[in-house]
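[1] A predicted structure for the sequence below; I have some questions about it.
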Amino acid sequence: MNRKVSVIGSGNVGATAARSIADKELADVVVLDILEGVPQGKGLDMLEACPVEGSDARVLGTNDYADTAGSDIVVITAGLARKPGMSRDDLLTKNCAIISSVTEQVMQHSPDCIILPVTNPLDAMAQVVYRKSGLPRERVIGMAGVLDSARMRAFIAQALDVSVENTHAFVLGGHGDTMVPLPRYSTVAGIPVTELLDKETVDAIVHRTAHGGAEIVKLLGTGSAYYAPGSAVVEMVEAVLKDKKKILPCSVFLQGEYGIDGLFVGVPCKLGANGLEQIIQIELTSDEDAALKKSAAAVQELVQVIDM
Ligand code: APR
């Protein structure tokens, strides 16, 4: 294949995303981890699944960044996952050090890549990648909104007993408890859910979406979600590699859009071959705008702690 995606971190999210990228034959895949043997074993296992899946993607597991050279896209999932009772923000300092060092090594071998940060706390970690890589903002796109809106879509489809394919959901803001699901812009076959569901049900869906990650952490006991995060990564990878010009909520470096400057926050974005190709600005009510600003302030607090 002539495209290459490297996934840094061969844990639950990284391996899930890598496997799906290979299965869908989107690109050759390199999986890298600091653990010795684990990425090699998982990579080989994925390669051996390819004949069954009918995919000619080449998959390689490694500890050596030289193997990631010339990647079109690098997905960063390296870091510590949340444990029960631990907020995303608790992870801040440790994951900041990991992401800084990963970014430095990625850039040595793939100076023109597009980086999709996934590690939490997402928006702050995306800011670390942006600052440390020196890449233009179009090439650092955090994965959060696709996951959050997928959760909201699943809940909407369940509530109305309709196909998930008929659902659209918009979630803005930082990837944390302050995220801003927007029911007014969330639709079923083009109809806003606010016209299809009573307020109580909509509020419950909004609340469950905002706490969707914590719900899974609690159920799993150890570790955090990975199937939906893995799928969300793959949708973004596919949008870029196929130049789909797909509108997806992503965490990107805002420069005045939505009245926010110098900060990664989730907004609707057009993703194509050049990475972030456009930020879509939508009208917000004063309540929605206040919620978005509050969410941005929560990201700003983290960014200040790590001085990014
Ligand atoms: N370089 C490379 N890999 C690293 C490094 C590093 N410096 N530090 C840790 N890792 C690897 C770990 O060895 C582990 O294999 O990152 C992997 C993380 O995998 P998991 O612990 O399974 O975590 P996962 O569930 O995949 O979540 C990864 O994504 O959704 C977020 O909150 C989640 O921040 C977390 C990240």
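    Yes, it's here.

[2] Can you pull the residues of this structure lying near the ligand?
    Neighbours of the ligand within the chain, by C-beta under 6 Å from any ligand atom: 8-14, 33-35, 77-79, 81-82, 98, 101-102, 118-120, 223-224, 226, 229. Every residue, glycine included, has its C-beta placed from N, CA and C.

[3] mind running it again at 5 Å?
    For the chain, the residues in contact with the ligand (C-beta under 5 Å from any ligand atom) are 9, 11-13, 33-35, 77-79, 81, 98, 118-120, 226, 229.

[4] What about these, which are in helices?
    In this view, those that belong to helices under DSSP state H are 12-13, 98, 229.

[5] farthest-separated two in the residues you listed?
    98 and 229 (17.2 Å; C-beta to C-beta).

[6] Could you pull out the helices in the stretch 51-200 of the chain for me?
    Assignment of helices within the stretch 51-200 of the chain using DSSP state H, counting those that start in this stretch yields the ranges 92-109, 122-133, 145-160, 199-210.

[7] in the longest strand anywhere in the chain, what's buried?
    Ranked by residue count and defined by DSSP state E, the top strand of the chain is strand 261-272. Neighbour counts using 16 or more other C-beta atoms under 10 Å place 263-272 of strand 261-272 among the buried residues.

[8] now those in TSV, with pLDDT?
    Below are these laid out as TSV (pLDDT from 0 to 100):
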residue	pLDDT
263	97
264	97
265	97
266	96
267	97
268	96
269	98
270	98
271	98
272	98
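
[9] Dump the residues you listed to TSV, plus distance to residue 145.
    Listed next are the buried residues of strand 261-272 as TSV, based on distance: C-beta to C-beta, whole Å:
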residue	distance to residue 145
263	15
264	11
265	10
266	4
267	8
268	8
269	8
270	13
271	11
272	17
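
[10] separation between the residue nearest to residue 291 when sequence neighbours are not counted and residue 72?
    Leaving aside its sequence neighbours, residue 291 sits nearest to residue 180 (C-beta to C-beta, 6 or more residues apart in numbering; 4.5 Å). Counting by C-beta to C-beta, to the nearest Å, the gap from residue 180 to residue 72 is 31 Å.

[11] Those two - which one has more neighbours?
    Neighbour count, other C-beta atoms under 10 Å: between residue 180 and residue 72, residue 180 has more, with 25 against 19.

[12] so who does the more buried one touch?
    Contacts for residue 180 (C-beta atoms under 8 Å, 6 or more residues apart in numbering) come out as 171-173, 288, 291-292, 295.

[13] Residue 101: neighbouring residues, count only.
    Residues near residue 101, counting by other C-beta under 10 Å, number 13.

[14] same check, this time on residue 287
    Around residue 287 there are 9 residues (other C-beta under 10 Å).

[15] out of the helices of the stretch 51-200 of the chain, deepest packed?
    Of the helices of the stretch 51-200 of the chain, the one with the most neighbours on average (mean count of other C-beta atoms under 10 Å) is helix 122-133, at a mean of 26.

[16] Distance from the chain centre to that helix, please.
    Its chain's average C-alpha position is 13 Å from that of helix 122-133, according to C-alpha atoms, centre = their mean, to the nearest Å.
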